[in-house]
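Undergrad: when you get a sec, could you give me coordinates for this:
(one chain, ligands or ions: 1)
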Amino acid sequence: EKFRTGMARTRNSFSEKMNNLVKRYRKVDEEFFEELEDILIESDVGVTTVMDLVEKLKDEARTRNIKDSQQLKDVIVEVLSDFLAKSKEETALRINPHGLTVMLMVGVNGAGKTTTIGKLANRLKSEGKNVLLAAADTFRAGAIEQLQVWGDRTGIDVIRHQEGSDPAAVIYDAVQAAKSRGVDVLLCDTAGRLQNKVNLMNELGKIKRVIEREVPGAPQEVLLVLDATTGQNALNQAKLFRQTSDVTGIVLTKLDGTAKGGIVLGIRHEMDIPVKLVGLGEQVNDLQPFNADAFIYGLFA
Ligand code: GDP
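TA: Down below sits the predicted model:
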């Protein structure tokens, strides 16, 4: 239900355009497909994905001899569902059932890392897990304090050093604390300054190596946080982060603030990384597992 409400802007915009399209073009022809391409591009699906998608639709229409646009709508649902098929199996977060799980949040400043950690921490805690936070964004002014606010709000401890200190040292301390306190899940915030990509990627690499060395099998998740309202920029960031940090999943934030949720399709198709969680607002309960079926059927509601 939360998912439905949060996606309302995308859903309304897309379904309205689709309904208009079907009304205007009763017959499935070249013009119909061109208009459909425009609608998908306006929804931020991404050009490459749109081309592949429409190609596939044309194939299906030909093979099944579909001439009526209303009928083709059902096929569109099918094809989109196919596009996200893999996502359906992969949305669950990887948790180590026998000990400490470590999750790393990466992404550029302002994407929503800190907020997502707060929401996720609260969700895990309410599932009965013992959670700890690591404030390893020691670079951005106020980042540590902001994480502390979430810690206070959710009643979860934060391991922190001073601003400007070595993030890998924070992570090391946090891991030791997590081990000695019998923590189930350690959530690590990281810096996201993109001005110096090489430094940032080196820093993330170092953090990851500390985790790998100290906790065998960890990190279970490296979650890339992307702001859905930044459209194709988000896709470019994803490509950049993927090069260095073995991203295991994507958190797409601020879906409530955009009518362009089509970015979900582009990410899945071009990146082959599952969208695991979506941010649908600024409140503590506004983080939901990504539901591919609800997403697609929602588009045509
Ligand atoms: P960080 O720099 O990556 O840690 O980003 P923050 O967590 O500080 O988030 C940046 C801004 O985006 C804050 O004002 C958040 O409240 C807001 N924000 C984060 N997630 C969402 C979301 O899902 N929906 C909305 N509407 N705002 C969000």
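
Undergrad: quick one: low-confidence ranges for the protein?
TA: 86-89, 301 (pLDDT under 70).

Undergrad: please enumerate the helices of the stretch 51-200 of the chain.
TA: Secondary structure of the stretch 51-200 of the chain by DSSP state H, counting those that start in this stretch: the helices cover 69-83, 85-90, 113-126, 143-154, 167-180, 197-214.

Undergrad: out of the ones you listed, deepest packed?
TA: Of all these, helix 113-126 carries the top mean neighbour count, a mean of 23, counting by mean count of other Cβ atoms under 10 Å. In this view, the C-beta of every residue, glycine as well, is placed from N, C-alpha and C.

Undergrad: where do the strands sit along the protein?
TA: Counting by DSSP state E, the chain forms strands over residues 101-106, 131-136, 158-159, 185-190, 221-227, 249-253, 275-279, 287-289, given from the N-terminal end onward.

Undergrad: OK, contacts around the most centrally placed residue in the chain?
TA: When Cα atoms, centre = their mean is applied to the chain, the residue found nearest the centroid is Val251 (2.1 Å). Contacts for Val251 were tallied using Cβ atoms under 8 Å, 6 or more residues apart in numbering; they are 105, 107, 112, 116, 223-226, 275-279, 287.

Undergrad: what about the residue lying closest to Lys197 once chain neighbours are set aside, neighbour count?
TA: If the residues on either side of it in the chain are set aside, Lys197 comes closest to Leu240, at 6.9 Å by Cβ to Cβ, 6 or more residues apart in numbering. Residues contacting Leu240 under the criterion other Cβ atoms under 10 Å number 16.

Undergrad: Val275 contacts Arg268, correct?
TA: Yes: at 6.7 Å, Val275 counts as touching Arg268 under the criterion of Cβ atoms under 8 Å.

Undergrad: mind checking which of those two has more residues around it?
TA: For Val275 against Arg268, the residue with the higher neighbour count under other Cβ under 10 Å is Val275, and the figures read 27 against 22.

Undergrad: could you measure from the more buried one over to the ligand?
TA: In this view, Val275 and the ligand are 13 Å apart by Cβ to the nearest ligand atom, to the nearest Å.

Undergrad: give the contact list for that residue.
TA: If a contact means Cβ under 8 Å, 6+ apart, then Val275 has Ser87, Thr91, Gly249, Ile250, Val251, Leu252, Val264, Ile267, Arg268, Phe290 as its contacts.

Undergrad: repeat that for Arg181.
TA: Contact partners of Arg181, counting by Cβ under 8 Å, 6+ apart, are Asn130, Leu132.

Undergrad: next, count neighbours for the residue lying closest to Lys27 once chain neighbours are set aside.
TA: Ranked by Cβ to Cβ, 6+ apart and with sequence neighbours excluded, the top spatial neighbour of Lys27 is Lys67, at 6.1 Å. Residues near Lys67, counting by other Cβ under 10 Å, number 12.

Undergrad: does Lys67 touch Tyr25 like I think?
TA: No: between Lys67 and Tyr25 there is no contact, the gap being 11.1 Å when judged by Cβ under 8 Å.

Undergrad: pretty sure Asn130 contacts Val183?
TA: Yes: with the criterion set as Cβ under 8 Å, Asn130 and Val183 qualify as a contacting pair; they are 5.1 Å apart.

Undergrad: which one's more surrounded, the two?
TA: The residue with more neighbours, out of Asn130 and Val183, is Val183; 22 against 16, by other Cβ under 10 Å.

Undergrad: for the ligand, see how far away the residue nearest to Lys27 is.
TA: Lys67 sits at a distance of 42 Å from the ligand (criterion: Cβ to the nearest ligand atom).

Undergrad: do Ile39 as well
TA: Distance, Ile39 to the ligand, using Cβ to the nearest ligand atom: 24 Å.

Undergrad: can you name the residue of this structure nearest the ligand?
TA: Of the residues in the chain, the one nearest the ligand is Gly279, at a distance of 2.5 Å by Cβ to the nearest ligand atom.

Undergrad: tell me the bridge partners for that residue.
TA: With DSSP bridges applied, Gly279 shows beta-bridge pairing to Leu287.

Undergrad: Gly298: neighbour count?
TA: Counted with other Cβ under 10 Å, Gly298 comes out at 19.

Undergrad: residues touching it, list them.
TA: Applying Cβ under 8 Å, 6+ apart, one finds that Gly298 lies in contact with Phe3, Arg4, Met7, Thr10, Arg11.

Undergrad: okay, these in TSV with distance to Pro167 and neighbour count next?
TA: Formatted as TSV, these follow (distance: Cβ to Cβ, whole Å; neighbours: other Cβ atoms under 10 Å):
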residue	distance to Pro167	neighbour count
Phe3	33	16
Arg4	38	15
Met7	34	26
Thr10	35	24
Arg11	39	20
